[in-house]
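K.L.:
Need coordinates for the below:
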Amino acid sequence: MQIDDRLTTVLRMRVDSDGVRRTQFRQLIDLLGTLPETAESELLRPAYARLSELMTHLPQEEQAAILREPGVRLRNPELVAYLAGGESKPAASAMATARLSDAQWLALIPELPMNARGFLRHRRDLSSDVKDLLARLGVQDLVLPDAGINRSAAAVPPSPTPAVAPVSPASPTSDTTEGIGALLRRIEAFREERQGKPVAPRLPLEEEELSASPLLGFEFATDTAGTVTWASGPIATLAVGLRLTSPMPGVLIDVDKRIAARLAAHQPITTAPINLAAAPDISGEWRMDAAPLFDAKDGRFTGYRGCLRRPIVSAEDAANDDSEGDAMRQVLHELRTPVNAIQGFAEIIQQQLFGPAPHEYRAHAAGISVDAAKLLAGFDEVDRLVKLDSGDLKPEEGESDLRLVVSDTVQRLQAFLRPRNAAFDLRVKGSPFHVGLARPEAMALCWRLLATAAGAMGPGETIALRLAGNEKRVRLRMKIPPSLIDGTAKNLAAPADQQREKAISAGMFGPKFSFKLAQAEAEAAGGYLKCKQDRVTLVLPALTAKNVDHSPEQGRANG
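P.N.:
Here you go, the predicted structure:
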């Protein structure tokens, strides 16, 4: 197709100055704006990606001026919708210059952001059907109510003739007083009418009133700019039009930099804290879960779909707001922000979301993404330790057989230990071994201890493990490898990245931190962890399980 050849030529243009960017922006608008609605081309996705890149570099005023130039042809609904979801000035220009058929307008307008629909109210060339649709969707101007006042009374009387004494400002004429009073009464009537009503768009066809009970959550969908285009239930009248998932926080919506970076990279959002300052019913703190949506045909980002829910804040949480743990969590937040951004952009390059990338760059990006993931995992461990120490987090309760957990962990470490002729000497006595921890929690706790020891074991070394259980408690004792004992090695607190020769590690902050985290987990579970001389002892309260054989049992397992 001829359009493909022209797009290819434009996309090959070297962009190295603002002048070239403006030229390329104008050319892409012309080519994409004249495409038939059913046109298909493998160049559409890179063309829209380049257009998005240009729009991030060109000022809004320049984009708006180009879109209003004579001869600009915006006849493609897809491009019009794309521009309408962008910044306000280019969106206003696109709404003013777009030339679509009535059928295209009727299909497009319900999908447009609220602010883009508002720009259309200034056009006088739309058909009555299109205007009726806009009216049904609540697109109308706010005007002062008449309040029963004669409009002619507000008019200022003509200037007095020379035969009449001039009137001083301190003694206005009765007509002037009546005119000003009429205007003041209209303003007051307007305030009374609006008092107590949420300052948010409300659809005329939506007759259902919001429930008097507190709003605990709702679902929503947004366009590419992050503007809510749909919300569940009666909340739609308040939420539609908010830029909920925009990577640029606004006056009404406040999100932290970490969440903004993930939104800019079109990544999933989980339990993200945001604050709304809009209508009373939806203002305040929320937690947001949202998933990005992509077009099945060309993979283009189309918006977010998700839900908002009120956070559950306990009295204990409120009491700990000013604690040292809060300060540490703030530090972790500041550390996570740049790492999340780096990981997001690395994944964009590696997955070629914004266009093709050389294999070498993709390989580097993949490595950066892995390193970022390790850092984030380390930050999560620090955050877990802080929350455990402050009492803000409790291990998940459940029922686990610690004998099976320890045996499974030893078996998993065999592949690492066998080539060095090293092993764990596990001996078990007593019964039962059930503890009140969920299996993932018990596995994580044992892994911290055993993997830390395994990473420090030398060739031919054997570490003794002794597991004993009864009706009251379950106890695990482990010999500490000599390389971890104070005074015999200087790497007790060395981060894992300084021990690259080791093929296994319980965490990125070294053995000392791993033991400290395991100690906090044990104490939160009602037990304790002690490190004394060359031995580590873990004790957890026993949980008597149903249908468990309580006969004494002894065993031995070599890793």
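
K.L.:
In space, what's closest to A341 - neighbours in sequence excluded?
P.N.:
In space, and not counting its chain neighbours, A341 is closest to A261: 4.0 Å by Cβ to Cβ, 6 or more residues apart in numbering. From N, CA and C alone the C-beta is placed, and that goes for glycine too.

K.L.:
Go ahead and confirm the one you found touches P247.
P.N.:
Yes. In this structure, A261 is within contact of P247 by Cβ atoms under 8 Å, at 7.4 Å.

K.L.:
So for these two, which residue has more residues nearby?
P.N.:
Higher neighbour count among A261 and P247: A261, with 22 against 17, using other Cβ atoms under 10 Å.

K.L.:
which strands and helices sit next to the helix or strand the more buried one falls within?
P.N.:
If you go by DSSP states H and E, A261 is part of helix 257-264. Here helix 257-264 touches strand 269-276, helix 324-351, going by 3 or more Cβ pairs under 8 Å, 6 or more residues apart in numbering; DSSP states H and E.

K.L.:
Compare those and say which comes out lowest on pLDDT.
P.N.:
If you rank those by mean pLDDT, helix 324-351 sits at the bottom with a mean of 77.

K.L.:
Next one: the residue nearest to A341 from V339, what distance?
P.N.:
10 Å (Cβ to Cβ, to the nearest Å).

K.L.:
Then L517?
P.N.:
Counting by Cβ to Cβ - L517 and V339 are separated by 20 Å.

K.L.:
coming back round to it: show me the contact partners of the helix holding A261.
P.N.:
226, 245-249, 255, 268-269, 272-274, 304, 333, 336-337, 340-341, 344 (Cβ atoms under 8 Å, 6 or more residues apart in numbering).

K.L.:
remind me, longest strand of this structure?
P.N.:
Looking across the chain with DSSP state E, the single longest strand is strand 284-294.

K.L.:
Is it correct that M114 is in contact with V240?
P.N.:
Yes. The criterion here is Cβ under 8 Å, and M114 meets it with V240 at 5.8 Å.

K.L.:
Neighbour count: L517 and V339, which is higher?
P.N.:
Neighbour tally, L517 and V339, criterion other Cβ under 10 Å: the higher count belongs to L517, 23 against 19.

K.L.:
so that one, which of the three states?
P.N.:
With DSSP: H, G, I helix; E, B strand; the rest coil as the basis, the three-state label of L517 is helix.

K.L.:
so W105 touches V130, yeah?
P.N.:
Yes. W105 is within contact range of V130, at 4.7 Å (criterion: Cβ under 8 Å).

K.L.:
burial measure for P77, as a count.
P.N.:
18.

K.L.:
Quick check: the gap between it and I29.
P.N.:
Distance from P77 to I29, by Cβ to Cβ: 14 Å.

K.L.:
Setting the sequence-adjacent residues aside, check what's closest to G217.
P.N.:
Nearest non-adjacent residue to G217, counting by Cβ to Cβ, 6+ apart: R309, 3.7 Å away.

K.L.:
who's in contact with the one you found?
P.N.:
Taking Cβ under 8 Å, 6+ apart, we find R309 in contact with L216, G217, W286, R287, D289.

K.L.:
Could you do R384 as well?
P.N.:
By Cβ under 8 Å, 6+ apart, R384 lies in contact with L393, L517.

K.L.:
please redo it, this time with the cut-off set to 10 Å
P.N.:
Counting by Cβ atoms under 10 Å, 6 or more residues apart in numbering, R384 makes contact with L393, P395, A444, L517, A520, E521.

K.L.:
Tell me the confidence at it?
P.N.:
86.

K.L.:
Let's verify it: helix, strand, or coil?
P.N.:
helix.

K.L.:
Against G507, how distant is it?
P.N.:
Separation of R384 from G507 (Cβ to Cβ): 11 Å.

K.L.:
mind showing which ranges of the protein have poor pLDDT?
P.N.:
The chain contains residues with pLDDT under 70 at 1-4, 138-214, 233-234, 249-251, 312-327, 486-506, 544-559.

K.L.:
how does it divide up, domain by domain?
P.N.:
Annotated domains of the chain cover 2-136, 217-312, 324-390, 400-558 [automatic domain parsing].

K.L.:
Tell me how far the last one lies from the chain's centre.
P.N.:
In other words, domain 400-558. Put simply, domain 400-558 sits 37 Å off its chain's centre (Cα atoms, centre = their mean, to the nearest Å).

K.L.:
right, and L376 touches Q343 too?
P.N.:
Yes. L376 is in contact with Q343 according to Cβ atoms under 10 Å; the separation is 7.2 Å.

K.L.:
Is the spatially most central residue of the chain bridged to anything, and to what?
P.N.:
Of all residues in the chain, the one closest to the mean position by Cα atoms, centre = their mean is I269, 3.5 Å from it. Under the criterion DSSP bridges, I269 forms beta bridges with A290.

K.L.:
Could you report the separation of it from R336?
P.N.:
Counting by Cβ to Cβ - I269 and R336 are separated by 14 Å.

K.L.:
likewise V255?
P.N.:
Going from V255 to R336 by Cβ to Cβ gives 14 Å.

K.L.:
Among these two, which residue is more densely surrounded?
P.N.:
Per other Cβ under 10 Å, whichever of V255 and R336 has more neighbours is V255, with 23 against 20.

K.L.:
does the more buried one really touch P273, like I thought?
P.N.:
Yes. In this structure, V255 is within contact of P273 by Cβ under 10 Å, at 7.8 Å.

K.L.:
so what sits against both of these two?
P.N.:
Common neighbours of V255 and P273 (Cβ under 10 Å, 6+ apart) are M288.

K.L.:
Restrict stretch 97-106 to CA atoms and write it as PDB.
P.N.:
Extracted C-alpha coordinates of stretch 97-106, given in PDB (Å, rounded to 0.1, in the frame of the first residue of the first chain):
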ATOM      1  CA  THR A  97     -10.600  19.900  14.000                       C
ATOM      2  CA  ALA A  98     -11.700  16.200  13.800                       C
ATOM      3  CA  ARG A  99     -14.000  15.500  10.800                       C
ATOM      4  CA  LEU A 100     -16.000  12.400  11.400                       C
ATOM      5  CA  SER A 101     -19.300  11.100  10.200                       C
ATOM      6  CA  ASP A 102     -22.300  11.100  12.500                       C
ATOM      7  CA  ALA A 103     -22.100   7.300  12.800                       C
ATOM      8  CA  GLN A 104     -18.400   7.600  13.800                       C
ATOM      9  CA  TRP A 105     -19.100  10.300  16.400                       C
ATOM     10  CA  LEU A 106     -22.000   8.300  17.900                       C
END
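
K.L.:
So for that stretch, what gets flagged as buried?
P.N.:
For stretch 97-106, burial by neighbour count (16 or more other Cβ atoms under 10 Å) applies to T97, A98, L100, Q104, W105.

K.L.:
now, which of those sits nearest F513?
P.N.:
Nearest to F513 among those, counting by Cβ to Cβ, is A98 at 59.2 Å.

K.L.:
What separation do you get for the closest one and A279?
P.N.:
31 Å.

K.L.:
Next: V228.
P.N.:
13 Å.

K.L.:
next one: A524
P.N.:
Distance from A524 to A279, by Cβ to Cβ: 41 Å.

K.L.:
And K479, by the same measure?
P.N.:
64 Å.
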